[in-house]
Each structure stands twice: as C-alpha cells, then as structure tokens.
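Student: Show me how the following folds:
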Amino acid sequence: MESIRLADTPRSEAFRQIQDTEELEQLRRYEDFTTIDWIQDSILERNRRLRTSRDIQTSLRDSQGRINSPWVRAQVQKLIAAGQSWFVVSLVGMCIGLNAALISIITEWLSDLKMGYCIDGWWLNQQFCCWEIDGQEESACASWRSWSAYSPGRYLVYVLLAMLFSLISAHLVDSFAKYAAGSGISEIKCIIGGFVMKGYLGLSTLLIKSLTLPLVIASGLNVGKEGPSVHVACCMLFSLISAHLVDSFAKYAAGSGISEIKCIISGFVMKGYLGLSTLIIKSLTLPLVIASGLNVGKEGPSVHVACCIGNVVARMFSGFSHSQGKMREILTAASAAGVAVAFGSPIGGVMFSIEEMSSTFSIKTMWRSFFCALVATVTLSAMNPFRTGKLVLFQVTYDRDWHFFEIIFFIIIGIFGGLYGVLVVKFNLQVAAFRRKHLVGYGVEEAVFLATITAIVSYFNRFLRIDMSESLGILFKECEGGGDYDNLCQSWAQWPMANSLFLATVVRIVLVIISYGGKVPAGIFVPSMAIGATFGRMIGIIVKAMYTTYPTSSFFSSCRPDIPCITPGTYALLGAAAALSGIMRITVSVVVIMFELTGALTYILPTMIVILVTKAVGDCFEGGGIADEMIRFNGYPYLERDDHAFNIPVSQVMQKELYTMSVTGMTLREVEEKLEHTSVQGFPIVSTDSQRILVGYIGRTELRYVMGKARSTQDIHPSTLCSFEPPSEPQPYHTATDTDVVRELVGVEEDDHAGITPLAASADTMHFSPWVNQTPLCVAPQLPLEIVMDLFKRMGPRVILVEYQGSLTGLITVKDVLRFMVSSEHAHPASRSVWDNQGELDALLEEAWLWAGNIWGKALAMGRRIIRR
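Tutor: Numbers count the residues shown, from 1 in each chain. Purely as a prediction, here's the structure:
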C-alpha cells in the first residue's frame, strides 16, 4: 500500500518538514487564553543549542583547504546570539526609562494645568514657568496665571474640557486596547508563568497605556487656589478622557495589570494584553487618571507598560519571538525595570520580580533583570524629569536614630498594615463582583462618576486634595528639613492635624476600595502607601505629643534633650511600607524599596519589624495579596507557590472521559469528526485493542495543519487511512511550535528547499508519526495530587497523562487542579477565599443599584409625561 509521505530518502523527509514547519508556526501560535507547554519550549531551546554546538565543532577548513562556510556562519551566529540578549535588555531598559520620564513630565503639566497656565509658554508647567523664583510664594511669579482670576464662563469651558479629556481617555482604552486598563501585575505573573494572553503585552497596549497614563495621574496635585468648582471640573474632565480612551481603543489598558502579567509570565496566553494599542492607550490615560483625582496609582500600570515595551521590542528579534522561555526572561526583566523607575529603586525592582512576579527565577534571569532595571533607572536619571535630581517625588533622607521604646508603635503600624490589606482585598473583590454583574457596559460613566465623587469628597481635606506622590513626599519629610506643610509640624496644630490625617486615612481606604479595578489604568501601590503614610504620620504626631507632654517620663529616658526625640516622618515611612506589604503580601522587596527611597541603614530594622508584624497579621486570615486574589477571581490558570495538603491521589481529580485517537485504523473522516465535535487541545494516541496502551500524544493544531497541507498537495479522500504509529526505530519528537525546530533536529539549513519532493499523487494512508510526541509526561493514578501540582509548577507541561501499567486511564491539566481547589473550598466554607464570601458591602451595593435604578426609571417616566404634554 502506498503511503502519503515524502520520498524514502531521509534528506527529502527533512526537506519537506523544513518547508511545512514555517507555515505551521504561523498557524500554531499559542491560542488565546491557553497555557504554554514549557517542556516543549525547553526541547526547542535545547535543539537550538545542539545545532549551534554542532556547527561550531566543524573544522575551519574543509578537505580541500578552503574556508568552511558553516563554521564561519556558526561563529557569526554565536557572536550575534551572545550580544543580542544584552542588546535587547539594554534597549528595553532605555525605552522603559524614556517612557517613565515622559509620563512624569506629562503628569506634572496636566497637574499644574488644573491650577492655571504659563503665559510665557502654554507647554510649561508651573515649576519651569517660575524657575527663577523657585521656592517663593506662587503669587511672586508673574508668568503663572491662575484659573481663579477668570470669569464663571471660564469655569464652564474648563468643565467641558475636563469632560472631553476623560471621554477621550476611556474611549481609547475601550476601543483600541482594552488590556491597557488596570495595573496588570497579576496578568503579567500569569504570562511569565506560561499563560498566553495575546495582545496583553503588544504594541497597541504599550502605546495606549503610555498615552493615557499621564491623564490618569495628573488628577491629584495641589489645587488649593483653584476653587472647588474648577477642581471638580478638572477631575471630571481627566477621568472622562481617560475612560473614553480606554473604552474605545484599548480595553486591556484598564486596571493595574499586575495579576494578568503574573499569569502571562507563568505561561498563560492573553492575545493583545501586551500589544501596541495597550501600550499607547495606557501611557496616554495613566496621567489623566491620576490627574482626575481617582485614588489609584501609576506604579502598578508602570509594570504593565514596561512589560508591553519589553514584549514589543523583543518581538522584533527572531531569537526571542520564537522562544517563549527567552520572552519570559525579558518580561521578568521588564517588570523589574517597571518597579525600578516607579520607585527609583533598581534593587527593589529586581527583588519585586523575584518575590512577586516569577515562580521560576534563574540566576541568568536575575542578572538580566538587574541590568535592565539599572539601564532604565540610569535613563530616567539622565532625563531628570523633575529637575531636582530625584527619580520620584517622595525620595527623602534621614540622619536620626530611632529608640527601642518606639518598637511598640512600630508594632501598631504593622498591625494596621495587615488589617488594611485583608479588608481592602476582601471588599474590593466584592466591588469587582458587583462591577462584573452590573457595570460591564458602563466603564466610562463609572470612571467619571467615581472621579466626581472623589473630587467632591477630597477637596476639603488637605491631604486628599493634593497628589498622592506629593503627599508622600510631604509626610515623609522631617520637620526641621523644610517639611512644615500647612502647619504640619506646628505643636499648636497637632491635634487638628491628627484628626485630618485620620479622616484622610478612612476616606482614602473607602475610595481605594471602590476605585481600584475600574476601566481605567489604575494601580494600588501608591494609594496604599499614601494610606499607610497618613496613618503612620498620625501615630507619629501622637507619640511626639506624648513626649512633649511628658518629657521627663522614664518611658522616654533614652531621648537626648539637644536632639529631637521623635521624627513623625519616619512613622509615615513605616506606615507606607506596612500598607504596601499588607495589600501585596510581599516582604523583602518592600524593605529594599524603602531603603533605596531613604538611604537610611538605621531604619532597615524598624522596617523589617513592621513588615514581619504585617505579614503575621495577614497570615492569620485566609487569602493572599490583591494580585493573587484577582487571578483567582478572574479564573486564570495560575498555580500559587503555596504548599497544599489534599491527601488524595491524582485519579480523583483527573479527566476520565477522554477523546483519543487509535494508533491505526482511523479514517480521515473519523479524525475530522473528532476535531469538529471537540474543543480539546490534543489527543492521546492509544492502541486499537481493549487495553488502550498509551502510544503518544498529538496536538490539535498539528492534526489540522497536516490534513490541510495534504489536501492542498495531493489527492486524498474521506476514507483515507490515518496512521499515528511510530517508526520501528526511536526518533526525536518533531514538535510544531517553532519554525526552526525540524531543521535543528535533522541538521538541514534554512535555504535548502530545492530538494523538497512533492507528496504522492495517489495514496491510501496518511502518516502523522513525525508530529506525535512519543514520550509525553505520564504519572501513575496513585500519585498524590500535591506532587502533580509540583510538576506543573516546576516543569510547566500543558497536560499530564495518567497511565496504569501502560494503559491510559486519564489526563489532568492545570485547570482541572484549579477546579478541584475551588470545589474543595466550597465544600469547606472555612477555607474559602475572601472573594467567595458575600459580605455587607456587596449587599449594600446591590441595594444602592436597585435604588438608583428606581430613581432613574421614575425620572424617565416623568420626562416622558412632560414631553407628551
């Protein structure tokens, strides 16, 4: 019987596979919202290294004494490959630094635009407009014109302009890059782990997020001289533009993005999440959102933007676009650089990427992350966006020591940080559930409404009215170092100031709960730090008041009379660290970030004490950080690094009803019917007898591709037999996930296409054996589920087959494990995640929604009656 295959020569077989694989790569590209098989990707990378090593080992001259061209080509490729990685990392770091500087500059300009404009040049912010009189009162600058000097008609124009900005921002994200919304950290964790989210790190996401980021950020700067009406109008304008840009152009630009990026890094595919549109819209709308006054930050979205830049730049080089493992290294390095430029902390960025983003972190990845963070930070420093030499607005220095009696108050701050993280995660996820249920189609309206409410509530509190980064800088400062903002350091105003700080803490917690997760670029790092800073400064003021009242008490015996005993600014710093650690459930990276922000070695120990107390309090409650809980809430296939104890075998979780392919005897019609009536990503190959002996595994994409090529090159019919039987001699597995893999396996160069032999014109059997994985990862049914979970975490397979004495009994995927974990939590209410419980806030939001719906219905009915009259 004649078979549908190439001519019998091994060379022609290799040639045919070389020709086919290029097209198959384009078809194969990981499907959206699926997981990457890291084992297959490791095989591809190993084959590339083997081929390079083989070419290098060839002699310099051939038998005739001439220069051997394969040797020369191999040496050149070796040099290019060695330098390409560092070139890409450097380019990514420089782009991240430039993007961060531009976002900071635009944010400053938009923030000052709320107060007025420069008559010498509309493009100048207040600092550059009044550069020569820097440090004096604003009234001394004749070049700066405040909006408050204009008529009420100007206020109306300002309101309309504010609404326009917010509308454009939301529209861009919604239309062009939906992935530009949010922070993106949880998604990036999934992407690094192997979750495919096509477009999440694309060029569109990068551009949209970069464009909208300044609009989001500029909302919170000092507007004390503008008047409430202009303040509210500006907030409405910026939020409307931001929400409109996101809603219209890049829906992925909304939100933070950290949870999604965690999934993408872990191997989850999200098409478009790191795309160009998301980059543009998120960069545009982020300054607008911050300027609108929403209690969200730019640090989380900065990580998303950085990963978009890394994805867009690395995709330009074939060495990275064809290797998911190398792309994971770039995304991890980019996330480190994103945190580095956000906090001015390169080492802290590397620690954050190790602790929070990547579940598998090699020494090579750490070195590249460090280098990328260093380049990004140096680039940002060279740009000097604030013209002060500072990378961020809240960098401070401390030259005083602390006292052991203050440990009591440090513990109080740590307890607050832990409780803050637990409560905000719980209630924010209830708000997210309400948003998913009722507000899916109202992203722009929600953003404008939240910005308006935030502006109305925040204007009358001095610490809510100003930008959060500026607020952090004020609260961190020592009183003797020019930190007396609005009588903050005056003893006669200490109790009104403490009350104002307490009110700011409570109000901002509520605003963060309802604002984070909206359809605009939004982070939670700086809002949490601002909440912790106001609480910590309040504690510092109280402790200082106690010392002032009882200076001779034995409790304060370690204080020297000639040096200020209590520094309230350090309490604000520790409060910010506690809140950040509590909301993200990270420890070491927070300590490093705070050290790099202050440069004070003496406060490392207090920071560690606060962080340890925060972690201890958080661990007393179920659930994880906001990024991990958002991953679970969204249902992403991401396995946490925490250990579990289920005490059950894998046979109780595996899929038992399987769709399989018989090794021989199936016709083309039967194979097509299975593909048509199923949606699984692959099929185990089993023997035709009743024992179902496992032979191998073949992917769905490979089946479709081979059949499509067969139809286009020769005559086949529905009754053509399909054979998955492996050859008599073992051969390496030819996967179809990379354009170069086949030529690497058989040793054929890319330009050797002349010898390709066409398929036989008439044939009765199609052979799929070159595309069958003859050695799939298999386990026994009695293996504990915990070990299978470790295999998924450490090796990263897409599927694990379960066999007993050679017979196939089932298979298991990451999603099967997650489904079991969710069902187990529902069966044991005490172990449920925080977002599974319906709390009082959820019921309150439902009642408010019903009430608002009734009011709206009555208003519409009244309007109709008036029109009819």
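Student: if I pick the nearest residue to Gln691 once chain neighbours are set aside, what's in contact with it?
Tutor: The spatial neighbour of Gln691 that comes closest, neighbours along the chain excluded (C-beta to C-beta, 6 or more residues apart in numbering), is Ser807 at 5.4 Å. C-beta: built from backbone N, CA, C; applies to glycine. With contacts taken as C-beta atoms under 8 Å, 6 or more residues apart in numbering, Ser807 has the following neighbours: 691-694.
Student: Just the C-alpha atoms of stretch 508-520, please, in PDB.
Tutor: Coordinates of the C-alpha atoms in stretch 508-520 are reproduced here as PDB (Å, rounded to 0.1, in the frame of the first residue of the first chain):
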ATOM      1  CA  ARG A 508      -9.000  57.100  51.100                       C
ATOM      2  CA  ILE A 509      -9.500  53.500  52.200                       C
ATOM      3  CA  VAL A 510     -13.100  53.700  51.100                       C
ATOM      4  CA  LEU A 511     -12.100  55.400  47.800                       C
ATOM      5  CA  VAL A 512      -9.500  52.800  47.000                       C
ATOM      6  CA  ILE A 513     -11.900  50.000  47.600                       C
ATOM      7  CA  ILE A 514     -14.400  51.400  45.100                       C
ATOM      8  CA  SER A 515     -11.900  52.800  42.600                       C
ATOM      9  CA  TYR A 516      -9.300  50.100  42.100                       C
ATOM     10  CA  GLY A 517     -10.300  47.700  39.300                       C
ATOM     11  CA  GLY A 518     -12.200  50.300  37.200                       C
ATOM     12  CA  LYS A 519     -11.900  50.600  33.400                       C
ATOM     13  CA  VAL A 520      -9.000  53.000  33.500                       C
END
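Student: Specify the beta-bridge partners of the residue nearest to Gln691.
Tutor: Under DSSP bridges, the beta-bridge partners of Ser807 are Ile693, Tyr804.
Student: pLDDT score for it?
Tutor: As summarised for this prediction, Ser807 has a pLDDT of 90.
Student: The one 5 residues further on now?
Tutor: What the model reports as pLDDT for Ile812 is 91.
Student: Would you mind listing the buried residues in the one helix or strand Pro684 maps to?
Tutor: Assigning secondary structure by DSSP states H and E places Pro684 in strand 682-686. Applying a neighbour-count criterion of 16 or more other C-beta atoms under 10 Å, one finds 682-686 buried in strand 682-686.
Student: same check, this time on stretch 487-505
Tutor: By neighbour count with 16+ other C-beta under 10 Å, stretch 487-505 contains the buried residues 488-489, 494, 497-498, 500-501, 503-505.
Student: what's the offset of stretch 437-454 from the middle of its chain?
Tutor: Centre-to-centre, stretch 437-454 and its host chain are 23 Å apart (C-alpha atoms, centre = their mean, to the nearest Å).
Student: and it, C-alpha only, in PDB?
Tutor: C-alpha atoms of stretch 437-454 as PDB (Å, rounded to 0.1, in the frame of the first residue of the first chain):
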ATOM      1  CA  LYS A 437     -22.500  42.000  37.300                       C
ATOM      2  CA  HIS A 438     -23.900  45.400  36.700                       C
ATOM      3  CA  LEU A 439     -21.300  47.800  35.200                       C
ATOM      4  CA  VAL A 440     -19.700  45.900  32.400                       C
ATOM      5  CA  GLY A 441     -21.000  48.300  29.700                       C
ATOM      6  CA  TYR A 442     -20.600  51.500  31.800                       C
ATOM      7  CA  GLY A 443     -16.900  51.800  32.100                       C
ATOM      8  CA  VAL A 444     -16.700  55.400  31.000                       C
ATOM      9  CA  GLU A 445     -19.700  56.500  33.100                       C
ATOM     10  CA  GLU A 446     -18.300  54.700  36.100                       C
ATOM     11  CA  ALA A 447     -14.900  56.400  35.800                       C
ATOM     12  CA  VAL A 448     -16.500  59.900  35.500                       C
ATOM     13  CA  PHE A 449     -18.800  59.200  38.400                       C
ATOM     14  CA  LEU A 450     -16.000  58.000  40.700                       C
ATOM     15  CA  ALA A 451     -13.800  61.000  39.800                       C
ATOM     16  CA  THR A 452     -16.600  63.400  40.500                       C
ATOM     17  CA  ILE A 453     -17.400  61.800  43.900                       C
ATOM     18  CA  THR A 454     -13.700  61.600  44.700                       C
END
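Student: buried stuff in that stretch?
Tutor: Of the residues in stretch 437-454, those buried by neighbour count under the rule 16+ other C-beta under 10 Å are 438-439, 443-444, 446-454.
Student: next one: stretch 376-389
Tutor: 376-377, 379-381, 383, 385-386.
Student: what ranges of the stretch 701-850 of the chain fall below the confidence cut-off?
Tutor: Counting by pLDDT under 70, the stretch 701-850 of the chain contains low-confidence residues at 714, 727-763, 826-840, 842.
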